[in-house]
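S.K.: below is the sequence, then the predicted model.
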Amino acid sequence: METVYAATLYAIGIMLGMAFLGLGIGIGIMASRVAEAVGRNPETKGVVVNSVMTILISTSIFLLFLFLFVFFLLFFNPLIP
């Protein structure tokens, strides 16, 4: 039973680490592209920022779903009797 619990915690750590790594890299690349787009064409700042905020909000909603999944794995794990 301890090995299953340890493997679950290991998998949770890997999932959260990869999610935050991917999120950080993606947000960094997106922010650089937004700065480049606004620098080239300052009149479109409002449109670009609104679209980026929509993407960031949907990404954070997916991250909250990941946390929900992690808590289900921690407290309602079907592999532990």
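M.R.: Nice, thanks for sending it over.
S.K.: which helix or strand lies directly C-terminal to the top helix by length along the chain?
M.R.: In the chain, taking DSSP state H as the definition, the longest helix is helix 2-40. Downstream of helix 2-40, the first helix or strand assigned by DSSP states H and E is helix 45-75.
S.K.: pull out the buried positions in that following helix.
M.R.: For helix 45-75, burial by neighbour count (16 or more other CB atoms under 10 Å) applies to 48, 52, 66, 70, 73. In this view, the C-beta of every residue, glycine as well, is placed from N, C-alpha and C.
S.K.: same question for stretch 34-48.
M.R.: So, applying 16+ other CB under 10 Å, buried residues of stretch 34-48: 34, 37, 48.
S.K.: ok, so of those residues, who is nearest Gly13?
M.R.: When these are compared for distance to Gly13 (CB to CB), Val34 wins out at 31.3 Å.
S.K.: how close does that closest one sit to Phe71?
M.R.: Here Val34 is placed at a distance of 33 Å from Phe71 (CB to CB, to the nearest Å).
S.K.: what does Arg33 give?
M.R.: The value you get for Arg33 to Phe71, if CB to CB is used, is 34 Å.
S.K.: likewise for Phe62?
M.R.: In this view, Phe62 and Phe71 are 15 Å apart by CB to CB.
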